[in-house]
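**Q** Sequence and computational prediction follow.
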Amino acid sequence: MAREVTPRYTVPGLTVEDAGSLIEVLQERLHSLNDLHLTLKHVHWNVVGPHFIAVHEMLDPQVDRVRAMADDVAERIAALGGVAHGTPGALVDGRTWKDYSVGRADAIAHLGALDLVYTGLIEDLRAAVKKVGDIDPATEDLLIEQLRDLEQFQWFIRAHLETAGGTLATAGATTEKDAAKQSVSR
């Protein structure tokens, strides 16, 4: 659903057109963060196996931080004069990716799938940083901070998937299910 993103007013020093461009990028980020925290909780509830407790407990701080990131993005949208669309329907209508595809599964399988989720999210976030960088350093700073945290979370996940020789179990996987399968069979 296309929504009007050009606000009637914005922060000093930005045009409403530039603010509209920022709001559009931030809305995409809001959808991705809301989707991520729900996906992380899904994994938290559906992880099984010998690594259960380590993964189960590792994910809650990530969920909390990702929820805080979503709040920061929504508040930046509002500060720019926009409307943060955070309803489930807006998320489903606005996302450009498929729903997480792994149900109840071994901890390592979920971590393999999450590695691909984080890769896609981080790639999209890096592109967003580039888009906003020439327009607004405050929005760029917000996204860069989130990028650092998300890269760290992926590192936590990849530490479970990496061999001593530095190879990732998910190397070459193109779907979450493939990554999950490769991770368990290594």
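**A** Good, I have the coordinates.

**Q** How far off centre is the lengthiest helix in the chain?
**A** Counting residues, the longest helix found in the chain (DSSP state H) is helix 16-46. What separates the centre of helix 16-46 from the centre of its chain is 7 Å, taken as CA atoms, centre = their mean, to the nearest Å.

**Q** Could you look up the next helix or strand downstream of that helix?
**A** Downstream of helix 16-46, the first helix or strand assigned by DSSP states H and E is strand 47-48.

**Q** Give me the neighbour count for Arg67.
**A** Neighbours of Arg67 under the rule other CB atoms under 10 Å: 17. Yep, even glycine has a C-beta here, placed from its N, CA and C like the rest.

**Q** begin at 4 from here
**A** I'll keep to 4 as the first residue from here, and by that count the last item is Arg70.

**Q** surely it meets Asp38?
**A** No. In this structure Arg70 lies outside contact range of Asp38 using CB atoms under 8 Å: 11.9 Å.

**Q** Where do the helices of the protein begin and end?
**A** In the chain, the helices defined using DSSP H lie at 19-49, 55-82, 91-97, 110-136, 140-164, 179-188.

**Q** now those helices as a markdown table including distance to Tyr12 and mean pLDDT?
**A** What follows is these, written out as a markdown table (distance: least, CB to CB, whole Å; pLDDT from 0 to 100):
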| stretch | distance to Tyr12 | mean pLDDT |
| --- | --- | --- |
| helix 19-49 | 7 | 97 |
| helix 55-82 | 11 | 97 |
| helix 91-97 | 22 | 92 |
| helix 110-136 | 19 | 97 |
| helix 140-164 | 16 | 98 |
| helix 179-188 | 42 | 92 |
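
**Q** among these, which is nearest Arg11?
**A** Closest to Arg11 of the helices of the chain is helix 19-49 (CB to CB; 7.0 Å).

**Q** ok and that closest one relative to helix 55-82, angle-wise?
**A** 160 degrees (axes from the mean of the first three to the mean of the last three CA atoms, to 10 degrees).

**Q** other SSEs contacting helix 19-49?
**A** Counting contacts by 3 or more CB pairs under 8 Å, 6 or more residues apart in numbering; DSSP states H and E, helix 19-49 is packed against helix 55-82, helix 91-97, helix 110-136, helix 140-164.

**Q** okay, those in CSV with distance to Val19 next?
**A** CSV is the format used below for the helices and strands packed on helix 19-49 (distance: least, CB to CB, whole Å):
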stretch, distance to Val19
helix 55-82, 13
helix 91-97, 21
helix 110-136, 16
helix 140-164, 15
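
**Q** Next, count neighbours for Thr170.
**A** Residues near Thr170, counting by other CB under 10 Å: 11.

**Q** got it, and Asp137?
**A** Asp137, neighbours per other CB under 10 Å, totals 9.

**Q** Please consider this matter closed, and thank you.
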